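Turn this into a model:
(chains A and B)
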Amino acid sequence: MINLQLPVTEDQIRTLKIGDEVSLTGTIVTGRDAAHVWMIDEKPDEVRDLLTGTVIYHCGPVVSKKDGEWIFVAAGPTTSIREEPYQGDVMKEYGLRAVMGKGGMGEKTLAALKEHGGVYLHAVGGAATIQAQSVKKVLDVIKLEEFGVPEAMWVIEVEDFRAVVTMDSHGNSIHKTIKEKSTQIAEKLIHS
Amino acid sequence: MSFQLDTNRLRDAVVELIRMASTQLPEDVIQAMATGRDREDEGSPAKSVLNFMLRNAEEAKKNSTPICQDTGTNIHYITIPVGVSMRAVQQTIIEATRIATEKAYLRPNAVDSVTGKNTGDNTGEMAPYFHFEEWDEPAIKIQLALKGGGSENVSAQYKLPDNRLNAGRNLEGVYKCIIDTVNSAQGLGCAPGVIGIGIGGDRASGMLIAKKQLFRLMTDTNSDEKLAELETRLYDDLNTLGIGPMGFGGKTTVLGVKVGAAHRLPASFFVSIAYMCWADRRHTMTFTETEVTYD
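Reported below is the predicted structural model:
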């Protein structure tokens, strides 16, 4: 297990390789489709300091409000590939060091990870209870009115949030290699 | 003697059924995951991911919170005694679904396909989904599955023959379709999955049979010898694909394979595949005039 205290530097990120298990502690920000389109179209400055050196998490949480404070009830990852057209550019524009979600991403993001120095972190799908427990505090929420709860950008403080590096800054992707290998085996089973 | 239906009692019982389905992973699924975990290599991501999933299942049960934030489509397979009103049972379950959503056992998941508006309470056209049968027992049996969107998106249907797969109209052809589906899904259906398969029927009934297989225990054996053989072969071969939990690689790509069959038209041969995520949330309730039991 590699402990990553956020924010991280480019050098730290470049030491990570696919298959590494990481534990995140610090401030991260959620963002899905609406947030990515906003960051590409308007390049808002208000999120710049929040995103530099940290992680954007593809997550549409279930939240509740208790005594005026937001609480994360369930906070698993959503499918990342929807952000493929935007992710690499958002990463470079805002100095993100990691993208977290599920299912992995494509060639454009992989190239951006290599060029800029970043990793893709895969969180376990369907493990929403534990992931919500790792969210210790909701620090802020951006664009809540306009984007709605799942699509808003939640600024959260996490402690020991677990994920696996499945795409690294050296051009490697677990998703690519696993698919190549499994397809070879599948072809053999199908055509033998 | 006809069955006297107390709808208030049934409503409360169904709310509890929904709570159990959303927050408690069935024991046989937990066992199948533990078996997978035990055969994964020490120190591999596969082993630690399976442990994480099992720990999440424990925490969700303890805290009565959803195992996954995508609480999915509510699919009901209902068996009623002769004379009980289907409409009354359906209305009662709809009411229970609204209550369960308010209690946050379910995320609001019913979106109007035309306007894009979420109804906010999990009810709407075909939501939740019902399938009714009748039997001679003096009890209402409700089987409920919560099937998440990720796993539904990688489910598939084939029409045999299939030239790309060189798959003919026989069990060998069916086998090829399943290998293709699971390989195409990779980790996206939240592997390790449970694979429900319907051979034959029309496009709708075939998928119905596939989804119904998801209620079978991981440990059961198909009463049809040929289908039993196909299930074992598929389970073994799919687990050689190396996709593993969440697609990180490993020996556990599927937890179970269950096959059912229906008669078909001479002109059609469909293979319907319902991919269920590892969070295989399903429970069964038996409701009599005097008591309620859950599996």
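
in the chain, which spans are helices?
Just so you know, I chose chain A. Counting by DSSP state H, chain A has helices at residues A:10-14, A:33-42, A:48-51, A:84-94, A:107-112, A:128-133, A:144-147, A:174-191.

You answered for a different chain; I wanted chain B.
Ranges of helices within chain B are B:7-23, B:27-39, B:45-63, B:86-102, B:149-153, B:171-185, B:203-213, B:225-238, based on DSSP H.

ok, and does the last one reach over to chain A?
Yes. Helix B:225-238 lies in contact with chain A when judged by Cβ under 8 Å from any Cβ of the partner chain; the contacting residues are B:D237. Every residue, glycine included, has its C-beta placed from N, CA and C.

residues near B:T252, how many?
Around B:T252 there are 25 other residues, counting by other Cβ atoms under 10 Å in any protein chain shown.

Quick one: the helices of chain A as JSON lines, columns for distance to chain B and mean pLDDT too.
Putting the helices of chain A into JSON lines (distance: least, Cβ to the nearest Cβ, whole Å; pLDDT from 0 to 100) gives the following:
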{"stretch": "helix A:10-14", "distance to chain B": "19", "mean pLDDT": "97"}
{"stretch": "helix A:33-42", "distance to chain B": "13", "mean pLDDT": "95"}
{"stretch": "helix A:48-51", "distance to chain B": "23", "mean pLDDT": "96"}
{"stretch": "helix A:84-94", "distance to chain B": "14", "mean pLDDT": "97"}
{"stretch": "helix A:107-112", "distance to chain B": "16", "mean pLDDT": "97"}
{"stretch": "helix A:128-133", "distance to chain B": "4", "mean pLDDT": "93"}
{"stretch": "helix A:144-147", "distance to chain B": "14", "mean pLDDT": "87"}
{"stretch": "helix A:174-191", "distance to chain B": "4", "mean pLDDT": "96"}
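
So which of those is the most surrounded?
helix A:128-133 (a mean of 25; mean count of other Cβ atoms under 10 Å in any protein chain shown).

buried stuff in stretch B:92-112?
Neighbour-count burial for stretch B:92-112, with 16 or more other Cβ atoms under 10 Å in any protein chain shown as criterion, is recorded at B:92-101, B:104-107, B:109-110.

Mind checking if it is in reach of chain A?
Yes. Using Cβ under 8 Å from any Cβ, stretch B:92-112 reaches chain A at B:A104, B:R107.

Restrict that stretch to CA atoms and write it as CSV.
Taking Å, rounded to 0.1, in the frame of the first residue of the first chain, the C-alpha atoms of stretch B:92-112 are listed here in CSV:
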residue,chain,number,x,y,z
THR,B,92,-48.9,-2.2,-2.5
ILE,B,93,-45.4,-2.8,-3.8
ILE,B,94,-45.4,0.5,-5.6
GLU,B,95,-46.3,2.2,-2.3
ALA,B,96,-43.6,0.2,-0.5
THR,B,97,-41.1,1.3,-3.1
ARG,B,98,-41.9,5.0,-2.5
ILE,B,99,-41.4,4.5,1.2
ALA,B,100,-38.1,2.6,0.7
THR,B,101,-36.8,5.5,-1.5
GLU,B,102,-37.7,8.1,1.2
LYS,B,103,-35.8,6.0,3.7
ALA,B,104,-32.8,6.1,1.4
TYR,B,105,-32.7,2.3,0.9
LEU,B,106,-33.0,3.2,-2.8
ARG,B,107,-31.6,6.0,-4.9
PRO,B,108,-34.2,7.7,-7.1
ASN,B,109,-33.6,5.8,-10.3
ALA,B,110,-36.7,6.2,-12.5
VAL,B,111,-36.0,8.7,-15.3
ASP,B,112,-38.6,9.7,-17.9
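
How much space separates B:S44 from B:K61?
Here B:S44 is placed at a distance of 26 Å from B:K61 (Cβ to Cβ, to the nearest Å).

for A:L189, same thing?
37 Å.

give me the beta-bridge partners of the closest residue to B:E152 other than its chain neighbours?
Distance criterion Cβ to Cβ, 6 or more residues apart in numbering or on different chains; nearest residue to B:E152, sequence neighbours excluded, is B:T73 at 6.9 Å. As for beta bridges, B:T73 partners with B:K147 under DSSP bridges.

residues near B:T73, how many?
Neighbour tally, B:T73, other Cβ under 10 Å: 19.

got a list of what the closest residue to A:I156 other than its chain neighbours touches?
Leaving aside its chain neighbours, A:I156 sits nearest to A:V135 (5.0 Å; criterion: Cβ to Cβ, 6+ apart). A:V135 makes contact with A:F72, A:A75, A:I156, A:E157, A:V158, A:F161, according to Cβ atoms under 8 Å, 6 or more residues apart in numbering or on different chains.

Number of residues surrounding the first one?
Put plainly, it is A:F72. A:F72 has 24 nearby residues by other Cβ under 10 Å.

repeat for the fourth one
When counting by other Cβ under 10 Å, one arrives at 16 neighbours for A:E157.

next one: the second one
Taking other Cβ under 10 Å as the criterion, the count of residues near A:A75 is 27.

And the pLDDT at it?
A:A75 is assigned 89 on the pLDDT scale.

roughly how far apart are it and A:K43?
According to Cβ to Cβ, A:A75 and A:K43 sit 27 Å apart.

same deal with the third one?
A:I156 sits 23 Å away from A:K43, taking Cβ to Cβ as the criterion.

So between those two, which is more surrounded?
Counted by other Cβ under 10 Å, A:I156 and A:K43 do not tie: A:I156 has more neighbours, with 25 against 13.

what sits opposite the more buried one in the beta ladder?
Where A:I156 sits in a bridge, its partners, by DSSP bridges, are A:I28, A:V138.

residue contacts, it?
A:T27, A:I28, A:V29, A:T30, A:F72, A:V135, A:K137, A:V138, A:L139.

tell me the contacts of the fifth one?
Read it as A:F72. By Cβ under 8 Å, 6+ apart, the contact set of A:F72 is A:P61, A:V62, A:V63, A:A132, A:V135, A:V138, A:W154, A:I156.

TSV please, covering the helices of chain B and showing mean pLDDT.
Below are these laid out as TSV (pLDDT from 0 to 100):
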stretch	mean pLDDT
helix B:7-23	97
helix B:27-39	97
helix B:45-63	94
helix B:86-102	96
helix B:149-153	91
helix B:171-185	98
helix B:203-213	96
helix B:225-238	98
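
Make TSV out of those helices and add distance to B:V254.
Below are the helices of chain B laid out as TSV (distance: least, Cβ to Cβ, whole Å):
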stretch	distance to B:V254
helix B:7-23	21
helix B:27-39	9
helix B:45-63	13
helix B:86-102	30
helix B:149-153	12
helix B:171-185	7
helix B:203-213	13
helix B:225-238	5
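
how much space between B:R9 and B:T240?
B:R9 is 49 Å from B:T240, by Cβ to Cβ.

Sorry, wrong one. I was asking about B:K117.
Applying Cβ to Cβ to B:K117 and B:T240 gives a distance of 45 Å.

who has more neighbours, the two?
Between B:K117 and B:T240, B:T240 has the larger neighbour count (other Cβ under 10 Å), namely 14 against 11.

Among the contacts of A:I156, the buried ones, what's the ChimeraX command?
The buried residues among the contacts of A:I156 can be selected in ChimeraX (16+ other Cβ under 10 Å) with this line:
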select /A:27,28,29,30,72,135,138
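
B:R233: neighbouring residues, count only.
For B:R233, the neighbour count with other Cβ under 10 Å is 15.

Run a quick neighbour tally on the residue nearest to it when sequence neighbours are not counted.
Using Cβ to Cβ, 6+ apart and skipping the chain neighbours, the partner closest in space to B:R233 is B:Y175 (7.0 Å). Residues lying near B:Y175 (other Cβ under 10 Å) number 21.
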